[in-house]
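Novice: This is the structure alone, sequence omitted:
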Ligand code: ZN
């Protein structure tokens, strides 16, 4: 069976940046299961997996525009600390905040007096992604999985 829309694809993966540093890996964890064609993984990787089969291994370089997008320097903001969920923010802390565009994760870069510099870019925005992926399995999605838009059981949601 080949990877195509509405298939549940199980993969082992390692993600590195340009410097060869490991950013994320399924190594030592259970493989990741996702439904193909639903935007559950970055577009560049989804495209590269199209038509692959169990046992196939791919190495793919995904530019930011097919990954987590370009960095937007307008998302680096100087905010009053009183607007943050934590009144005593520390550099490196992350918070989930509501914005007009929906929930976002913001990272605190620095704090000076009553103001904090925060970055609302995705941590991997602007990063070229180097994936090494092994396809472990491909199966049809169940009706329920299709309705939920995510995989149930091994490598997916347990609920
Ligand atoms: Zn579900």
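Specialist: Done, it's in. Given the structure is predicted, the values throughout are model-derived calculations rather than measurements.
Novice: For the closest residue to residue 25 other than its chain neighbours, grab the count of nearby residues.
Specialist: Counting by C-beta to C-beta, 6 or more residues apart in numbering, residue 25 lies nearest to residue 14, which is 4.3 Å off, once chain neighbours are set aside. Every residue, glycine included, has its C-beta placed from N, CA and C. If you count neighbours by other C-beta atoms under 10 Å, residue 14 ends up with 16.
Novice: And residue 150, how far from residue 64?
Specialist: Separation of residue 150 from residue 64 (C-beta to C-beta, to the nearest Å) stands at 25 Å.
Novice: same check, this time on residue 131
Specialist: Taking C-beta to C-beta, one finds residue 131 at 14 Å from residue 64.
Novice: So if I had to pick from the two, which one is more boxed in?
Specialist: The neighbour count for residue 131 versus residue 64, taken as other C-beta under 10 Å, is higher for residue 131 (22 against 18).
Novice: And for the helix or strand containing the more buried one, what's in contact with it?
Specialist: Per DSSP states H and E, residue 131 falls inside strand 129-140. Identification of contacts with strand 129-140 by C-beta atoms under 8 Å, 6 or more residues apart in numbering yields 1-3, 6-18, 20, 23, 31, 42, 44-45, 48-49, 52-62, 67-68.
Novice: Next, the contact list for whichever residue of the chain sits closest to the ion, please.
Specialist: Going by C-beta to the ion, the ion is nearest to residue 148 of the chain, at 3.3 Å. Listed by C-beta under 8 Å, 6+ apart, the contact set of residue 148 reads residue 157.
Novice: And for residue 41?
Specialist: residue 34.
Novice: Could you measure from it over to residue 137?
Specialist: 15 Å.
Novice: what is residue 77 paired to in the beta sheet?
Specialist: Residue 77 has these beta-bridge partners by DSSP bridges: residue 118.
Novice: so what strands line up beside the lowest-mean-pLDDT helix or strand in the chain?
Specialist: Taking mean pLDDT, DSSP states H and E as the measure, the chain has strand 94-99 as its least confident helix or strand, at a mean of 85. Next to strand 94-99 in the sheet, as set by DSSP bridges, lie strand 102-112 (antiparallel).
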